[in-house]
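Enquirer: what follows is a predicted structure for the sequence shown.
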Amino acid sequence: LLTTAVDVVSEWTEEAWESLGRDVAGNEYLREIKLTPTAGYNDGDTGVLNDQNMTSLFRGLTRSDSLREINLRQNVFGVGGIQAMVPFLQASNNLRSLEINRNNIKSEGFRLLWRALLDSPIETLWC
């Protein structure tokens, strides 16, 4: 399980997010990634994953085949973040759980997500 604290990654560059994605993709033992607000967060707190950070992260993460669970709950990404996830989601054979609730994906983002998951082995989806 990879869990991060928001205060640690809030100042990361695009290159740092992409590097994290590559590092996760290169780790064949990592099964779960959780990038959400820090423990003890309030309902109004949000994470740091916006559309730009999601694009960088998933550019590096696309080749990952070990992840079974991804939790990106309560961040600030929208349709652009979902678009960034699509190549990963379409290529992922092992992803079983995706939690992206409390973001700003709207109906357009949900449609993109649903199309990307049509042939997916995913078992749990939180939107």
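Expert: It's in.

Enquirer: which helices and strands sit right next to the helix or strand harbouring residue 33?
Expert: Element membership for residue 33, per DSSP states H and E: strand 32-34. On a contact count with 3 or more Cβ pairs under 8 Å, 6 or more residues apart in numbering; DSSP states H and E, strand 32-34 meets strand 2-3, strand 69-71. From N, CA and C alone the C-beta is placed, and that goes for glycine too.

Enquirer: pull up the pairing partners for the last one, direction included.
Expert: Within its sheet, strand 69-71 is paired with strand 32-34 (parallel), strand 97-99 (parallel), according to DSSP bridges.

Enquirer: could you list the buried residues of the first one?
Expert: Along strand 32-34, the positions that meet the burial threshold by neighbour count (16 or more other Cβ atoms under 10 Å) are residue 33.

Enquirer: could you identify the helix or strand that succeeds it?
Expert: Next along from strand 32-34, by DSSP H and E: helix 51-61.

Enquirer: hmm, who's touching that next one?
Expert: Outside helix 51-61, the residues that touch it by Cβ atoms under 8 Å, 6 or more residues apart in numbering are 12, 14-25, 35, 49, 67, 72, 77-81, 83-85, 87-88.

Enquirer: what's the mean pLDDT across the strand holding residue 33?
Expert: If you average the pLDDT over strand 32-34, you get 93.
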